[in-house]
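Asker: attaching a predicted model along with its sequence, questions to come.
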Amino acid sequence: MSKIAFLYPGQGAQVAGMGKDFYEQSPLAKEVFDKSCEILGQDMKHICFEENELLDRTDYTQAALVTTCMAMTKEIMARGLTPDMTAGLSLGEYCAITTAGGMELEDAIKMVWLRGNLMHNAVPDGKGGMAAVLGLSGEAVNEAIAYMEGVYVANYNCPGQISCAGSDDEIDAFCAAIKEKGGRAVKLAVSGAFHTPYMKEASEELEKALKAMTINAPQTEIYANRTGKPYPQDTAQIIETIALQASSSVRFEDTLKNMWADGIDTFIEVGAGKTLTGFVKKTLPEAKMYTVTTVDALNEAIENIKAGE
């Protein structure tokens, strides 16, 4: 029997219209969207479903994407599809924690709203950014940033793709340096230098907020971005792991390899876009991979999993 992992995307995957068909067709998903609107006092349905400028702003993006992912997850699990393990890329780790029972949905929505605001304010608009590097080794990327003050490796995504972050001016210079080395750098649709020391203050504030809420021992194994390994069970260590994630490099390639080694053979990306699907295919070509971004895609995934495809 297949062992299944749910994977959740990070900021940058957001797209107008995400989750709309789940809202219209699933009472459980509708409940999550409505609850998010109530908790935050924001029209999250408009932000997620319609073209607007707020969707790409960090202080709104994070709550919008987590709301969408968790709305989809409610319907997916109600259909009898449950994960043996969970993981998320960056922001997506909050969905992984919530799905695994480590955090209540309402607390998760509040936390990512706070996280989005803290990270948005850590580096003002236009002063920080990120770029994905394609086609170069980690060693070559490290050589490119060695002489750049203020650029850091933010994400080890999959073989041949690493994301770096820093000040906006330095990121432009970094992209040029990558091109000189024969690689390609693509600037990402984010407004901050995430997973770098620029986010140290945000991590400290997140830790304070996490200590004031109820954190449970996960009922399903979660793999941490910082280590690529399973989360600790101790509450204090869980809080530290969640908080430091904002200012630490994301080791997603290691996460996928470790989940595979621990028995996962089927991955389901839940949310918006197909970014993680691409990472899995490059890291673990033999793994079964499904992408659930629509109700139709969910129906197809369930049918194929039941058929053993």
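Answerer: Yep, it's here.

Asker: and this structure, what are its domains?
Answerer: 4-123+196-307, 128-187 (automatic domain parsing).

Asker: what about the longest one, average pLDDT?
Answerer: For domain 4-123+196-307, the per-residue pLDDT values average out at 96.

Asker: from the chain's centroid, how far away is it?
Answerer: 5 Å (C-alpha atoms, centre = their mean, to the nearest Å).

Asker: what separation do you get for the residue lying farthest from the centre of the chain and Ala122?
Answerer: Distance from the C-alpha centroid of the chain, by C-alpha atoms, centre = their mean, peaks at Glu180 (30.1 Å). To Ala122, Glu180 is 30 Å away according to C-beta to C-beta, to the nearest Å. Backbone N, C-alpha and C define where each C-beta goes, glycine included.

Asker: can you check Gln11 too?
Answerer: Applying C-beta to C-beta to Gln11 and Ala122 gives a distance of 14 Å.

Asker: tell me which of the two has more neighbours.
Answerer: A count of neighbours by other C-beta atoms under 10 Å puts Gln11 above the other of Gln11 and Ala122, at 26 against 23.

Asker: who touches that one in this structure?
Answerer: Thr58, Thr61, Gln62, Leu65, Ser90, Leu91, Val190, Phe194 (C-beta atoms under 8 Å, 6 or more residues apart in numbering).

Asker: one more: Cys175?
Answerer: Going by C-beta under 8 Å, 6+ apart, Cys175 touches Ala131, Ala185, Lys187.

Asker: repeat that for Ile268.
Answerer: Ile4, Ala5, Phe6, Leu7, Ile76, Leu81, Pro83, Met289, Tyr290, Thr291, Val292, Ala301.

Asker: how many neighbours does the fourth one have?
Answerer: By that I understand Leu7. Neighbours of Leu7 (other C-beta under 10 Å): 31.

Asker: A strand includes it, no?
Answerer: Yes - counting by DSSP: H, G, I helix; E, B strand; the rest coil, Leu7 is found in a strand.

Asker: show me what it is bridged to.
Answerer: Ala87, Glu269 (DSSP bridges).

Asker: quick one: it from Gly129, how far?
Answerer: 25 Å.

Asker: kindly report the same for the first one.
Answerer: Here the criterion is C-beta to C-beta. By it, Ile4 lies 35 Å from Gly129.

Asker: more neighbours: which of those two?
Answerer: Remark: of Ile4 and Gly129, Gly129 carries more neighbours, 25 against 19, as counted by other C-beta under 10 Å.
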